[in-house]
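*Asks:* build me a model:
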Amino acid sequence: MPGGRLTQQERQQIALGLADGLAYAEIARRLDRPTSTVTREVMRNGGPTGYRADLAHRATQHRAHRRRQTAPRDPNTPPQPHGRDAEAVRAYEETFTTLLMHQGLPRMTARVQACLYTTDAGSLTAAELVQRLQVSPATISKAIAFLDSQGLIRRERDERRRERYVVDDDVMYQSTMASARGTALLAATAREGVGILGAGTPAGTRLENIARFVDFVSESIARAAEQARDVLHSQPPAASDDSAPSRPDHG
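*Replies:* Residues are numbered from 1 along each chain as shown. Below you'll find the predicted structure:
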């Protein structure tokens, strides 16, 4: 698989793929690049409807030029734990943030969630988030309030009575179940409309079909979450020396 920055020709292929309505994964496969590379490239340069290869290429060159002019990092900055590559970690956090934005989260909310998920402790204080993301406390507070309202984090007090924001194993389960309940509410509301608009009418039929579809989806999500809950509390299988994957890739 090729590494390094995307070439101008690759960006032109991305633009053509978007014009043809191809998924990011298919474009990435044709380029022999990770899907995350294509996703990040598109989202940083206008999105799927506004992406232009020439503008994206110039913007990337401009960013690279600015990085070369930036002062070097403080040599006293502590190294990444576990021998991680700091640049690779930053790039991955950006990829994760881009994905969350693509799913509908505001940028700062997505940055906070990505930061929490990529922290070994799985929890940070507001002050730690301010320091890591270099934004104001008010900005962090607004992002945290949104994540809390969606059940994507939980709050707890540490031994110093500081409020910490946590993304532990059970948060993902609870968030998924909240999503299932929200979907079930949509079904109930659609079915309420059937009684008002009339069963058997075109509008009533449409709403009844929506309700039946959404009921099935909601029940499936809840059932799958219950069945898979133990996965969140288990250790992944140890990586083998063999290059073959230990399980099928459903991505």
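*Asks:* nearest residue to L55 in space, please, no chain neighbours.
*Replies:* Of all residues not flanking L55 in the chain, N45 sits nearest, at 6.7 Å (Cβ to Cβ, 6 or more residues apart in numbering). Where C-beta positions appear, they are placed from N, C-alpha and C, glycine not excepted.
*Asks:* next, count neighbours for the one you found.
*Replies:* 20 (other Cβ atoms under 10 Å).
*Asks:* phi first, then psi, for it.
*Replies:* phi -130, psi 50 (degrees, to the nearest 10).
*Asks:* hmm, who's touching the strand or helix carrying E10?
*Replies:* Taking DSSP states H and E as the criterion, E10 maps to helix 8-19. The contact list for helix 8-19 (Cβ atoms under 8 Å, 6 or more residues apart in numbering) reads 6, 26-27, 30-31, 33, 38, 41-42, 48, 51-54, 56-57.
*Asks:* so which bits of that helix are buried?
*Replies:* Residues of helix 8-19 classed as buried: 10-11, 13-15, 17-18 (neighbour count, 16 or more other Cβ atoms under 10 Å).
*Asks:* mind saving the C-alpha coords of stretch 83-92 as CSV?
*Replies:* Output of stretch 83-92 as CSV, limited to C-alpha atoms (Å, rounded to 0.1, in the frame of the first residue of the first chain):
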residue,chain,number,x,y,z
GLY,A,83,6.1,4.4,22.4
ARG,A,84,3.4,5.8,20.1
ASP,A,85,4.3,8.1,17.2
ALA,A,86,2.9,11.5,18.2
GLU,A,87,2.3,12.6,14.6
ALA,A,88,0.4,9.3,13.8
VAL,A,89,-1.7,9.8,16.9
ARG,A,90,-2.6,13.4,15.9
ALA,A,91,-3.5,12.2,12.4
TYR,A,92,-5.7,9.5,13.8
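*Asks:* rounded mean pLDDT for that stretch, please.
*Replies:* For stretch 83-92, the mean pLDDT works out to 81.
*Asks:* and the strands in this protein?
*Replies:* Under the criterion DSSP state E, the chain contains strands at 123-125, 154-157, 163-166.
*Asks:* let's have those in CSV, adding mean pLDDT, distance to M172 and mean neighbour count.
*Replies:* Converted to CSV, the strands of the chain look like this (pLDDT from 0 to 100; distance: least, Cβ to Cβ, whole Å; neighbours: other Cβ atoms under 10 Å):
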stretch, mean pLDDT, distance to M172, mean neighbour count
strand 123-125, 92, 14, 18
strand 154-157, 88, 11, 12
strand 163-166, 91, 12, 17
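*Asks:* fine by me, we can end here.
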